[in-house]
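Student: Pasting the sequence and the predicted model now:
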Amino acid sequence: MPGILYIVATPIGNLDDMPPRVAATFGAADFVAAEDTRVTLKLLNHLGLKKPMMSYYEHALHHGAAILDRIEAGESCALCSDAGMPCISDPGEQIVKDAIARGITVTPVPGASACVTALAVSGQDTARFVFEGFLPVPKKERRERLEFLQGETRTVIFYEAPHKLRGTLDDLCAAFGAERSITLCRELTKLHEEITKTTIGEAVRYYEQNDPRGEYVLVMAGTPAAQAAAEEVTLPDAVATARLLMAQGTPPAAAAKQAAKGTPFSKGDIYKELIAAKDEDDRKEESE
């Protein structure tokens with residue numbers, strides 16, 4: 001009879017937040033699938049447990065098949081990330097998908113998640129929100145992601161590492177403006193926990209003088225609905241964006257496709273206007 005894949009939340013910082021059911025599940029499981037076995041070993045030592053462990057980190061996702069094979073053979077597995085609820089911005093997501101595809105029972109053992117914990121204490125609107133996790137590292141992908149979010153009216157949650165915080169705040173300031181409200185949650189549940197509601201511009205200025213320390217959750221206010229409506233992109237706006245991209249060397253079709261993102265207009269709509277504008281420019285040149 002197949003075993004069970006338990007998705008086990010671990011404390012996001014303070015080990016006193018360990019739910020009894022989490023500890024019991026680790027104790028009952030035949031083996032543990034960990035994001036980083038070194039981190040989970042410390043947790044198991046804290047609980048006084050010794051368990052066989054396997055890593056499922058993204059560079060070793062081929063282990064996913066081995067994990068599921070063992071479960072199908074009758075063993076139960078406790079899957080955990082380094083902190084918080086597994087499979088949220090975490091490669092364990094793929095193992096859950098594969099387990100469900102195989103018909104394996106997947107059971108949650110819930111606990112804290114940094115994104116929801118930060119949202120609850122952020123002082124931002126909690127009725128509707130969107131979780132973005134870590135922004136893409138490549139500049140082009142990051143710019144496209146931030147452009148996509150510019151009309152977002154829901155509260156937006158990001159994760160960020162300390163060595164990248166300054167750059168991310170600069171990018172957020174450029175994309176959303178210095179006056180946008182943001183709450184920076186640092187080292188949640190730990191000794192040096194810090195929760196600061198401010199503006200993006202003030203956060204940029206603060207970290208110009210102070211070194212970021214610890215892991216951050218950034219909870220940013222969404223665009224006010226009235227402002228989002230007022231800032232709705234028109235077709236001439238989208239065409240102007242495409243022409244600017246073309247001036248920077250982007251081919252017309254690619255410029256039209258990029259300019260169409262986040263607008264109600266299709267690539268074809270913008271491309272037709274580009275061609276029409278080019279024809280008009282050519283006629284003016286000929287008449288001169």
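Tutor: Sure thing, it's come through. Residues are numbered from 1 along each chain as shown.

Student: burial count for V156?
Tutor: 22 (other CB atoms under 10 Å). All C-beta spots, glycine's among them, are computed from the backbone N, C-alpha and C.

Student: hang on, I meant L165
Tutor: 21.

Student: Spatially nearest residue to it (excluding sequence neighbours)?
Tutor: Of all residues not flanking L165 in the chain, P212 sits nearest, at 4.1 Å (CB to CB, 6 or more residues apart in numbering).

Student: so how many other residues sit close to the one you found?
Tutor: For P212, using other CB under 10 Å, the count is 19.

Student: just A238 next, same as before
Tutor: The number of residues packed near A238 is 24, by other CB under 10 Å.

Student: do the same with F129
Tutor: The number of residues packed near F129 is 19, by other CB under 10 Å.

Student: Could you check how far it is from L172?
Tutor: When distance is defined by CB to CB, to the nearest Å, F129 is 16 Å away from L172.

Student: ok, now A120?
Tutor: To L172, A120 is 21 Å away according to CB to CB.

Student: try D98
Tutor: For D98, the distance to L172 - CB to CB - is 35 Å.

Student: repeat for V109
Tutor: V109 is 34 Å from L172, by CB to CB.

Student: For these two, indicate the residue with more neighbours.
Tutor: Higher neighbour count among V109 and L172: L172, with 25 against 21, using other CB under 10 Å.

Student: quick one: contacts for the more buried one?
Tutor: Shown in contact with L172 (CB atoms under 8 Å, 6 or more residues apart in numbering): 146, 180, 182, 200, 218, 220.

Student: Okay, and it sits in which element?
Tutor: Using DSSP states H and E, L172 sits in helix 165-176.

Student: buried stuff in that helix?
Tutor: 165-166, 168-169, 171-173, 175-176 (16 or more other CB atoms under 10 Å).

Student: Name the SS class of R145, please.
Tutor: Under DSSP: H, G, I helix; E, B strand; the rest coil, the three-state class of R145 is helix.

Student: didn't it look like it was pressed against L135?
Tutor: Yes: R145 lies in contact with L135 (CB atoms under 8 Å); the separation is 6.0 Å.

Student: Can you pull the residues that touch both of these two?
Tutor: The contact sets of R145 and L135 do not overlap (CB under 8 Å, 6+ apart).
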